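A.B. asks: sequence and computational prediction follow.
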Amino acid sequence: MYPKKIQIIEIGPRDGFQNVKDFIPTDEKIKIIQGIIESGANRIQLTSFVSPKHIEQMKDAKIIIKHFLEKYKDKRFYALTPNYYGAKRAYESGLREITYVISVSEGHNKANVNRTLDESFAELEKIINDFPEILVNLDAATVFGCPFDGIVTLEQVVNYVERARKLGVKIVNLCDTIGVANPIQVKEIITTLLEKFPEIEFHIHIHDTRNMGMVNSLTAIEYGITNVQASIAGMGGCPFAPGASGNLSTEDFIYMLEKMNIETNINFEKLLEIAKYAKKTINGTYSGHHINIDTKLSCF
Ligand code: COA
Ligand code: ZN
């Protein structure tokens, strides 16, 4: 059974831009985000508050947040933070929603944020206690497999979510960081988590490394997920996960949902325009499966 409506969460401005080596001028980022908003997107991950020594691309996070918070009062904007300092910077820039990242596997957590899981969870607890006005999402990286530790078990995932639940986390984003998930695994993890944690809102975030972004995201919605993360032009990738490729592309996914009569707020043609523009302007990493990006819609 498919839902009638899906909320698309656009993550290109964070997951996409973070993987582009050359600095994208802030005005260019703002133009692309503006286009995404004009296509109808309501929920957008705008940037990340990370160490510029690790990801220089995100050094203009504060400017981007201020710009869009001032311009739009009715949108749900947020940013990724890997540590307490990042959450504090996000708060000071005016944000009241963040996503904090902890991997399910120790190997990737160390490579990504230079912390053990215990250290990351302790810092999460401190953020929740010190910033009660911030709504904290949790990005669960490597749910479906880790480039360093290999297989991640269902038990590890359940224990991880239980740990988050005890801290009061209400939104958990299940990330296939390196694009190794398959539909049976997606079904198993989602049905287990939705049954065990009915109070938690789960999102899905699939990298399209092996062209399985569509099928895995579709499987997720088939089994009850209604919040799907996607990135325009399929931009994306984790600089700290070898082999990580682009994300599920927003325009491909919306095209499919429209054909299936599943509603989103997004205007496909407007989104396609801005996706084409982003692809032309930014020399980043893309997954390889964007049939409709360089082709006129009328061909279909
Ligand atoms: N924002 C800005 N600067 C930050 C910061 C943040 N959130 N966190 C740390 N810094 C600065 C520190 O002030 C310090 O600067 P200094 O050397 O001038 O004193 C420097 O970065 C290193 O800080 P430290 O606490 O030692 O961090 P670290 O070296 O252990 O790195 C992270 C930890 C989390 C900051 C770093 O790994 C990071 O930003 N990773 C990015 C992860 C990411 O975005 N991955 C992709 C998305 S999942
Ligand atoms: Zn990602």
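C.D. replies: Alright, I've got the coordinates. Ligands and ions are numbered 1, 2, ... in the order given.
A.B. asks: residues from the chain in reach of ligand 1?
C.D. replies: Along the chain, the residues adjacent to ligand 1 under the rule C-beta under 6 Å from any ligand atom are 18, 48-51, 53-55, 80, 82-83, 85-86, 89, 101, 112-114, 141, 238, 240. (C-beta placed from N, C-alpha, C; glycine too.)
A.B. asks: quick check on those residues: which are buried?
C.D. replies: Restricting the residues of the chain next to ligand 1 to buried positions leaves 18, 48-51, 55, 80, 82-83, 86, 89, 101, 112-113, 141, 238, 240, with burial counted as 16 or more other C-beta atoms under 10 Å.
A.B. asks: any idea how far residue 136 is from ligand 1?
C.D. replies: Distance check for residue 136 against ligand 1: by C-beta to the nearest ligand atom, to the nearest Å, it reads 15 Å.
A.B. asks: what sits against the residue in the stretch 201-300 of the chain that ligand 1 sits nearest to?
C.D. replies: Using C-beta to the nearest ligand atom, the point where the stretch 201-300 of the chain gets nearest to ligand 1 is residue 238, with a distance of 5.1 Å. Contact criterion C-beta atoms under 8 Å, 6 or more residues apart in numbering gives 15, 18, 19, 112, 141, 177, 178, 244 as the residues in contact with residue 238.
A.B. asks: can you check the pLDDT for it?
C.D. replies: What the model reports as pLDDT for residue 238 is 79.
A.B. asks: for the remainder of this discussion, apply numbering that starts at 576.
C.D. replies: Sure, I'll start numbering at 576, so the last one becomes residue 813.
A.B. asks: and it, backbone torsions?
C.D. replies: Backbone geometry at residue 813, expressed as degrees, to the nearest 10, gives phi -100, psi 120.
A.B. asks: let me see the ranges of the strands in the stretch 676-825 of the chain.
C.D. replies: Using DSSP state E, counting those that start in this stretch, the strands found in the stretch 676-825 of the chain span residues 710-716, 746-751, 776-781, 802-805.
A.B. asks: columns mean pLDDT on top of those strands, output as CSV?
C.D. replies: Shown next, in CSV, are the strands of the stretch 676-825 of the chain (pLDDT from 0 to 100):
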stretch, mean pLDDT
strand 710-716, 98
strand 746-751, 98
strand 776-781, 98
strand 802-805, 98
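A.B. asks: residue 668: which of those strands is closest?
C.D. replies: Across these, residue 668 has its closest neighbour in strand 710-716 (15.2 Å, C-beta to C-beta).
A.B. asks: pLDDT below threshold where in the stretch 626-775 of the chain?
C.D. replies: Within the stretch 626-775 of the chain, no stretch falls below the threshold (pLDDT under 70).
A.B. asks: for it, which segments count as helices?
C.D. replies: Secondary structure of the stretch 626-775 of the chain by DSSP state H, counting those that start in this stretch: the helices cover 636-646, 659-667, 681-688, 692-705, 729-741, 758-771.
A.B. asks: out of these, which one sits most buried?
C.D. replies: Per residue and on average, the most neighbours among these fall to helix 681-688, with a mean of 21 (mean count of other C-beta atoms under 10 Å).
A.B. asks: residues contacting it, please?
C.D. replies: With contact meaning C-beta under 8 Å, 6+ apart, helix 681-688 is reached by 657-658, 676-678, 690-692, 695, 716-717, 721-724, 752, 813, 815-816.
A.B. asks: give me the residue from the stretch 676-825 of the chain nearest ligand 1.
C.D. replies: The stretch 676-825 of the chain approaches ligand 1 most closely through residue 689 (3.5 Å), counting by C-beta to the nearest ligand atom.
A.B. asks: leaving out chain neighbours, which residue sits closest to residue 719?
C.D. replies: Using C-beta to C-beta, 6 or more residues apart in numbering and skipping the chain neighbours, the partner closest in space to residue 719 is residue 756 (3.8 Å).
A.B. asks: list the contacts of the one you found.
C.D. replies: Residues touching residue 756, when contacts are defined by C-beta under 8 Å, 6+ apart, comprise 718, 719, 720, 781, 787, 791.
A.B. asks: the first one: neighbouring residues, count only.
C.D. replies: Residues lying near residue 718 (other C-beta atoms under 10 Å) number 29.
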